[in-house]
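Participant: have a look; sequence and predicted model below, questions after that.
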Amino acid sequence: MTALYVDADACPVRAEAERVATRHKVTMYVVSNGGLRPSQNPLVETVVVPDGPDVADMWIADRAGPGDIVITADIPLAARCVENGARVLKPNGETLTAANVGNALAMRDLMSDLRSADPFRQGGGKPFSKADRSRFLDALEREMRAANR
């Protein structure tokens, strides 16, 4: 049975993921180290993990496997989940697979190195847009159908 895991800290698409999970009658695990209002939806389980670096990531990576879907912007977590056979989506709808997660990890490391080398480098990524939200919904629907085949 498919499960949906959401790395919920700073995830802008929790509500959208819940709607899709409900439509497909799939259990959704919203994992964070606290501070989130639990959903009243019986298919949504709020998992609060202890504070600490990557504790939520480890909880997800230890459970997500073949047939499951993980929503995260965390590339190292995505790499572990892909390795375990799970389908991984970023909140902007980008799918991470065995074919591209290595490149994403390398790019993340490169950008981290560039930021640490230039203390005056400002800014982050692009702001989250309506188009990103729409792409995410389409991608999650597609992944959910593929996982349930």
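Facilitator: Done, it's in.
Participant: contacts, neighbours, all on C-alpha from now
Facilitator: Will do.
Participant: quick one: the helices in the protein?
Facilitator: For the chain, the helices defined by DSSP state H cover 14-23, 55-63, 75-83, 101-117, 130-147.
Participant: for those helices, which one sits closest to residue 40?
Facilitator: With Cα to Cα as the measure, helix 14-23 is the member of the helices of the chain nearest residue 40 (10.9 Å).
Participant: was I right about residue 9 contacting residue 32?
Facilitator: Yes - look at residue 9 against residue 32 with Cα atoms under 8 Å: they come within range, at 5.6 Å.
Participant: between the two, who's got more neighbours?
Facilitator: The residue with more neighbours, out of residue 9 and residue 32, is residue 32; 23 against 17, by other Cα atoms under 10 Å.
Participant: tell me the spacing between the more buried one and residue 45.
Facilitator: With distances taken as Cα to Cα, to the nearest Å, residue 32 is found 11 Å from residue 45.
Participant: residue ranges with poor pLDDT in this structure?
Facilitator: 102-103, 106-115, 119-125 (pLDDT under 70).
Participant: what's across from residue 27 in the sheet?
Facilitator: residue 3 (DSSP bridges).
Participant: residue contacts, it?
Facilitator: By Cα atoms under 8 Å, 6 or more residues apart in numbering, residue 27 lies in contact with 2, 3, 4, 21, 43, 44, 45.
Participant: my read: the fifth one touches residue 28, true?
Facilitator: Yes - look at residue 43 against residue 28 with Cα under 8 Å: they come within range, at 6.1 Å.
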